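Novice: With the sequence up front, the predicted model follows.
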Amino acid sequence: MRAERAEPEATMAKTCAEYFQMMPASFQKSVAGDLKATYLFDLSGDGGGKWVVQVGNGTASVGPGECENPDVTLKAAAKDYIAIAEGKINAMLAMATGKFKIQGSLPLAMKLEKIFKR
């Protein structure tokens with residue numbers, strides 16, 4: 001009898017901070033092209049905080065904190081952001097129900113999902 005090997009599970013972050021730490025590794029330079037944008041994530045509740053994601057010159061940098069005049073500000077409860085990032089909640093549905101709010105450029109916000117693979 002031959003034992004079957006289980007496929008290793010993809011590493012999933014459990015906190016917002018872990019998601020942001022993993023973001024640069026999931027950046028897709030070829031998809032981002034010449035995109036230049038600054039995103040501010042404002043996540044409330046347990047495990048929340050503020051993070052800045054800057055995309056430009058074929059690179060992405062991510063760090064805790066705030067910035068002046070971001071192109072896009074994304075607001076959600078930390079638990080809802082994790083559910084969206086894991087694909088458990090559809091981002092558009094979360095927006096429609098008020099769980100996820102976007103301020104600034106909606107087209108730039110929509111590019112985020114494409115330039116960072118899950």
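Specialist: Structure received.

Novice: just for this protein, where's the confidence low?
Specialist: Low-confidence segments of the chain, defined by pLDDT under 70, span residues 1-13.

Novice: And the helices in it?
Specialist: Per DSSP state H, the chain carries helices over the ranges 16-22, 29-32, 78-85, 91-96, 106-115.

Novice: which of the ones you listed sits most buried?
Specialist: The highest mean neighbour count among these, using mean count of other CB atoms under 10 Å, belongs to helix 78-85: a mean of 20. Backbone N, C-alpha and C define where each C-beta goes, glycine included.

Novice: Residues in contact with that one: which ones?
Specialist: For helix 78-85, contacts defined as CB atoms under 8 Å, 6 or more residues apart in numbering pick out 13-16, 19, 41, 43-49, 76, 89-91, 94, 99-100, 118.

Novice: now swap in stretch 62-73 and tell me
Specialist: Applying CB under 8 Å, 6+ apart, the contact partners of stretch 62-73 are 17, 20-21, 23-24, 37-42, 49-54, 102-105, 108-109, 112.

Novice: likewise stretch 88-102?
Specialist: Contacts of stretch 88-102 (CB under 8 Å, 6+ apart): 72-77, 80-81, 83-84, 109, 113.

Novice: where exactly do the strands run in this structure?
Specialist: Counting by DSSP state E, the segments of the chain that form strands are 37-44, 49-56, 59-64, 72-77, 100-104.

Novice: could I get these as CSV with mean neighbour count and distance to Lys29?
Specialist: Formatted as CSV, those follow (neighbours: other CB atoms under 10 Å; distance: least, CB to CB, whole Å):
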stretch, mean neighbour count, distance to Lys29
strand 37-44, 20, 14
strand 49-56, 19, 10
strand 59-64, 15, 7
strand 72-77, 21, 19
strand 100-104, 17, 23
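
Novice: Out of those, which gets nearest to Gln28?
Specialist: strand 59-64 (9.2 Å; CB to CB).

Novice: circling back: out of the helices of the chain, which comes closest to Gly58?
Specialist: Taking CB to CB, helix 29-32 is the member of the helices of the chain nearest to Gly58, at 4.9 Å.
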